[in-house]
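*Asks:* next input, structure requested:
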Amino acid sequence: MSQVFTFGPPPFPELRAGNLGVRVATEEWEVLAAQALRYRVFYEEMGAHPDAATALSKLDADGYDAVADHLLVVDHDRGAGPESVVGTYRLIRRSAAQRIGQFYSQDEYDISTLLNYPGGILELGRSCTAIDYRTRGTLQLLWQGIAAYVFNHKIAVMFGCASLQGLDLDANAEQLSYLAQHHMAPEHLRPRALESRYLDMDRLPRGSYDAKAALMALPPLIKGYLRLGGYVGDGAVLDPQFNTTDVAIVVMTDQVTDKYYKHYERKAGWEGHPERG
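*Replies:* You can find the predicted model right below:
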């Protein structure tokens, strides 16, 4: 796949926490390093199924990468090149999605409620970290970066697809049921799985399973969204290529900026300047 990237000025300066930093990519090599990390995590580690071009390039790349912003966690102790990129998140704003015709999530979900939302919206996706960096500190740094990004771009709602490992609905029944019964989005924000792909999440009766154990068994990323007041959409979707069961996530950004952006302001004494769009 031929890739052409365009970069604007970064929305915030790199945020540091010891040897780690978080910033938005502003050079092609940074995006390629993020794609290589995504390939290692999604395909080599988690069992996604690459097509021939993906297997040859060893990059997890698609057309959305050219319009997205790419949030990076870098370890400065590893150098200043591609080897330094140890975490990434793909961020797609409304204006970027319009350039390509849709958001990535629209392959799985009807997100018309979010498209009609009057404020800024942001799709989160392709989140991963290298295996040695799956720590609370790395995740907090990623969220500080997201908080600075949404503050500067005046984002009100974040959304995207999050994944449970595997395609076995019975194996994931407790987690899916817990999410549907305890964290369903209000109707005015609720995505719904496309009819052709819709799978009911509410698979077990309330009280027939251990809700606390189901919560604890959720992937760390989904638990992180829930701690920020996140919701799920209606219906799960199977993604055979990535060997996952997907759910739609919706998060209002006020709690994100309160928890992470204001923490950074106190720590660094930096006053960010909002950018419209």
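
*Asks:* alpha carbons only for contacts and neighbour counts from here, please
*Replies:* Will do.

*Asks:* for this structure, which segments count as helices?
*Replies:* Listed in chain order, the helices of the chain (DSSP state H) span 28-39, 52-57, 94-100, 112-115, 136-152, 173-182, 211-217, 220-227, 254-256, 262-268.

*Asks:* what average pLDDT does the last one get?
*Replies:* Yep, that's helix 262-268 we're talking about. In this model, helix 262-268 has a mean pLDDT of 53.

*Asks:* for the fifth one, same thing?
*Replies:* In this model, helix 136-152 has an average pLDDT of 92.

*Asks:* equivalent analysis for the shortest one, please.
*Replies:* In this model, helix 254-256 carries a mean pLDDT of 85.

*Asks:* if we can go back for a sec, turn the helices of the chain into a markdown table, including distance to residue 67.
*Replies:* Converted to a markdown table, the helices of the chain look like this (distance: least, CA to CA, whole Å):
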| stretch | distance to residue 67 |
| --- | --- |
| helix 28-39 | 11 |
| helix 52-57 | 19 |
| helix 94-100 | 5 |
| helix 112-115 | 18 |
| helix 136-152 | 16 |
| helix 173-182 | 31 |
| helix 211-217 | 34 |
| helix 220-227 | 24 |
| helix 254-256 | 24 |
| helix 262-268 | 27 |
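
*Asks:* pLDDT of stretch 54-63, averaged?
*Replies:* pLDDT averaged over stretch 54-63 gives 97.

*Asks:* buried ones in it, by neighbour count?
*Replies:* 54, 58-61 (16 or more other CA atoms under 10 Å).

*Asks:* widest-spaced pair of these?
*Replies:* 58 and 61 (9.1 Å; CA to CA).

*Asks:* who's in contact with the closest residue to residue 210 other than its chain neighbours?
*Replies:* In this structure, residue 210 finds its nearest non-sequential neighbour in residue 174, 8.0 Å apart by CA to CA, 6 or more residues apart in numbering. Applying CA atoms under 8 Å, 6 or more residues apart in numbering to residue 174 gives the contacts 203-204, 209-211, 214.

*Asks:* so where is the stretch 151-277 of the chain shaky, pLDDT-wise?
*Replies:* Along the stretch 151-277 of the chain, segments meeting pLDDT under 70 span 261-277.

*Asks:* so where do the strands sit in this structure?
*Replies:* For the chain, the strands defined by DSSP state E occupy 15-17, 20-24, 69-75, 85-93, 109-110, 120-129, 155-165, 192-193, 231-232, 237-239, 244-252.

*Asks:* which residues are contacting the first one?
*Replies:* Spelled out, it's strand 15-17. With CA under 8 Å, 6+ apart, strand 15-17 has contacts from 21-23, 141, 144-145.

*Asks:* one more pass at 7 Å, please.
*Replies:* Here strand 15-17 makes contact (CA atoms under 7 Å, 6 or more residues apart in numbering) with 21-23.

*Asks:* okay, and the beta partners of residue 120?
*Replies:* residue 155 (DSSP bridges).

*Asks:* measure it to residue 137 for me?
*Replies:* 28 Å (CA to CA, to the nearest Å).

*Asks:* who has more neighbours out of those two?
*Replies:* residue 120 (19 against 12; other CA atoms under 10 Å).

*Asks:* is that one in contact with residue 159, as I believe?
*Replies:* No - under the criterion of CA atoms under 7 Å, residue 120 makes no contact with residue 159, lying 11.3 Å away.

*Asks:* tally of neighbours for residue 135?
*Replies:* So residue 135, with other CA under 10 Å, has 10 neighbours.

*Asks:* quick check: phi and psi at it.
*Replies:* When read as degrees, to the nearest 10, the backbone of residue 135 gives phi -120, psi 160.

*Asks:* quick revisit: can I have the buried ones of the contacts of residue 174 as a PyMOL selection?
*Replies:* Selecting the buried subset of the contacts of residue 174 in PyMOL, with 16+ other CA under 10 Å as the burial test, is done by:
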select buried, resi 203+204+211+214
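
*Asks:* from the contacts of residue 174, which is closest to residue 111?
*Replies:* Nearest to residue 111 among the contacts of residue 174, with distances taken as CA to CA, is residue 203, at 22.9 Å.
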